[in-house]
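# turn this into a model:
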Amino acid sequence: MIEALAPTRIDLAGGTVDIWPLYLFHPGARTINFAVDLFARCTIVERSDDVVVITSKDTSEVVETTLEGLEQEGRLELLVRLLKFFRPAVGLELTTDCAAPAGSGLGGSSALNVAVCSALNAFTLRGYSEQQLLTIAKNIETQVIRVPAGEQDYYPAMFGGVCSIQLEITGVTCKQLLIDSALLDSRFVLCYTGKPHFSGTNNWEIFKKYIDGDSEIRAHFTRIVDISLRMEQAVCSADIDAMAKLLDEEWQVRKKLASGVTTPMIERLVEVARASGALGAKVCGAGGGGCVVFIAAEGRKAELTAALLKAGGEVLDCRLQPKGVQVTSRAACE
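Residues are numbered from 1 along each chain as shown. Below is the predicted model:
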């Protein structure tokens, strides 16, 4: 049996800029995020026949077919496409689930993608490198969502820690930023709004406006890139108060990118949070629902958490995850 666990992520600054080719128009573009221990999980158990059983615990869907039947299968498209790409030689039972809520804006689908790619790479002995797996995951997810996919979600899932995703002409790389995990954990609060989002909708609207030459959108991107550069410096300096200020600054710009980025529920949670010790707040991912990350004033995390719960939010218990995807293999009978 093969098992793979990949962390999800909280993005601090620079989201949407990570969609090719938008970052090519902004020298120094980067996205800053960090992995959290809300894991996406994939397990694979080998069978002695050619039957393939795919179980998605998140959606409560089960697909049973054969290796040959995968070619005609239309359900659970991402998992089926990954199986067709890796071409296992024997039947298997593949099971997935994710601790992050569906549509949370935490990159759950991409983390799950990385977990499945890593598990199938080990199961089939394909020998793809980490960078190759990132490319495979991104390209196959793009085939499924049918709009351009960003770069940022795959890197914390693969490498963990605090990431500065460097978006350059020569390619995309991940620079690890060092910060005391206990310090960061003592100040951030992650809250689910109860409403899922679909990142492709907002991002596609923004993408089209940018490519069509919308000057306001391009100006907002320039500001977001500048904020991302300063956010990297704040992280490296372990200046949590500065990080909170920049988080807030990014959120104010991000809301101008598209009308669907914020919602009445998000605005209400942010208002409650500001009165209860939050120094900064920003929606995770593309917005329109999902999660909001808050940075509390020193010593006020408990107060902030209680206020968000009272306001109807769902506070998710999570911490910075220093490691990326972890793949283990053991006998299925253990």
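
# okay, CA-based contacts and neighbour counts for the rest of this
OK.

# in the stretch 51-200 of the chain, which spans are strands?
51-56, 61-66, 92-98, 162-168, 171-177, 188-192 (DSSP state E, counting those that start in this stretch).

# and the first one, what does it pack onto?
Think strand 51-56. strand 61-66, strand 92-98 (3 or more CA pairs under 8 Å, 6 or more residues apart in numbering; DSSP states H and E).

# can you map out the helices along the stretch 201-334 of the chain?
215-236, 240-254, 264-274, 301-310 (DSSP state H, counting those that start in this stretch).

# and the first one, what does it pack against?
So that's helix 215-236. Under the contact rule (3+ CA pairs under 8 Å, 6+ apart), helix 215-236 is packed against strand 2-13, strand 30-46, strand 171-177, helix 199-211, helix 240-254.

# what's the angle between the first one and strand 162-168?
With axes from the mean of the first three to the mean of the last three CA atoms, to 10 degrees as the basis, strand 2-13 and strand 162-168 are set at 70 degrees to each other.

# chain center to strand 2-13, what's the gap?
What separates the centre of strand 2-13 from the centre of its chain is 7 Å, taken as CA atoms, centre = their mean, to the nearest Å.

# ranking the helices and strands packed on helix 215-236 by burial, who's on top?
Of all those, strand 2-13 has the most neighbours on average by mean count of other CA atoms under 10 Å, namely a mean of 29.

# please save the CA atoms from that one in CSV.
C-alpha atoms of strand 2-13 as CSV (Å, rounded to 0.1, in the frame of the first residue of the first chain):
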residue,chain,number,x,y,z
ILE,A,2,1.2,3.5,-0.9
GLU,A,3,0.1,6.5,1.1
ALA,A,4,0.8,10.2,0.3
LEU,A,5,0.0,13.2,2.4
ALA,A,6,0.3,16.7,1.0
PRO,A,7,-0.3,20.0,2.9
THR,A,8,-2.7,22.7,1.7
ARG,A,9,-1.7,26.4,1.9
ILE,A,10,-2.5,29.9,3.0
ASP,A,11,-1.6,32.6,0.6
LEU,A,12,-0.3,35.9,2.0
ALA,A,13,0.3,37.9,-1.1
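
# indicate each strand paired with it and its parallel or antiparallel sense.
The pairing partners recorded for strand 2-13 under DSSP bridges are strand 30-46 (antiparallel), strand 326-329 (antiparallel).

# out of those, flag the one nearest residue 234.
Residue 234 lies closest to strand 30-46 among those, at 10.9 Å (CA to CA).

# residue nearest the centroid of the chain?
residue 107 (2.0 Å; CA atoms, centre = their mean).

# so where's the stretch 51-200 of the chain shaky on pLDDT?
Low-confidence segments of the stretch 51-200 of the chain, defined by pLDDT under 70: 197-200.

# repeat that with 80
196-200 (pLDDT under 80).

# circling back to that earlier point, columns distance to residue 306 on top of the strands paired with strand 2-13, output as a markdown table?
Formatted as a markdown table, the strands paired with strand 2-13 follow (distance: least, CA to CA, whole Å):
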| stretch | distance to residue 306 |
| --- | --- |
| strand 30-46 | 21 |
| strand 326-329 | 33 |
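
# out of the ones you listed, which gets nearest to residue 223?
Across the strands paired with strand 2-13, residue 223 has its closest neighbour in strand 30-46 (12.2 Å, CA to CA).

# taking their axis directions, the closest one and helix 215-236 sit at what angle?
Angle between the axes of strand 30-46 and helix 215-236 is 80 degrees (criterion: the same axes, to 10 degrees).

# so this structure: which segments form each domain?
The chain breaks down by automatic domain parsing into domains covering 2-177+321-329, 181-316.

# what's the end-to-end length of the longest one?
End-to-end distance of domain 2-177+321-329 (CA to CA, to the nearest Å): 5 Å.

# how far does it sit from the chain's center?
10 Å.

# cool, and stretch 248-262?
A distance of 18 Å separates the centroid of the chain from that of stretch 248-262, by CA atoms, centre = their mean.

# and the end-to-end length of that stretch?
14 Å.

# re earlier: to residue 309, which of the strands paired with strand 2-13 lies closest?
Of all the strands paired with strand 2-13, strand 30-46 sits nearest to residue 309, with 19.1 Å by CA to CA.

# out of the strands of the stretch 51-200 of the chain, which is closest to residue 17?
Comparison of those against residue 17 by CA to CA identifies strand 162-168 as nearest, at 8.8 Å.

# name the helices or strands packed onto the closest one?
The contact analysis (3+ CA pairs under 8 Å, 6+ apart) places strand 162-168 against strand 30-46, helix 154-159, strand 171-177.

# distance to residue 281 for those - can I get that in JSON lines?
Shown next, in JSON lines, are the helices and strands packed on strand 162-168 (distance: least, CA to CA, whole Å):
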{"stretch": "strand 30-46", "distance to residue 281": "14"}
{"stretch": "helix 154-159", "distance to residue 281": "21"}
{"stretch": "strand 171-177", "distance to residue 281": "21"}
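
# out of the ones you listed, flag the one nearest residue 214.
Nearest of these (CA to CA): strand 30-46, 21.2 Å.

# dump the closest one to CSV, restricted to CA.
The C-alpha trace of strand 30-46 is given here as CSV (Å, rounded to 0.1, in the frame of the first residue of the first chain):
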residue,chain,number,x,y,z
ARG,A,30,6.3,36.3,-6.7
THR,A,31,3.6,34.8,-4.6
ILE,A,32,4.1,34.3,-0.8
ASN,A,33,2.3,31.5,0.9
PHE,A,34,2.8,28.9,3.6
ALA,A,35,1.8,25.2,4.0
VAL,A,36,-0.6,24.2,6.7
ASP,A,37,-1.3,20.8,8.2
LEU,A,38,-4.8,20.4,6.7
PHE,A,39,-3.6,17.5,4.6
ALA,A,40,-4.8,16.0,1.3
ARG,A,41,-4.4,12.2,1.4
CYS,A,42,-4.2,9.5,-1.2
THR,A,43,-3.9,5.8,-0.6
ILE,A,44,-3.3,3.1,-3.2
VAL,A,45,-3.7,-0.6,-2.6
GLU,A,46,-2.7,-3.0,-5.4
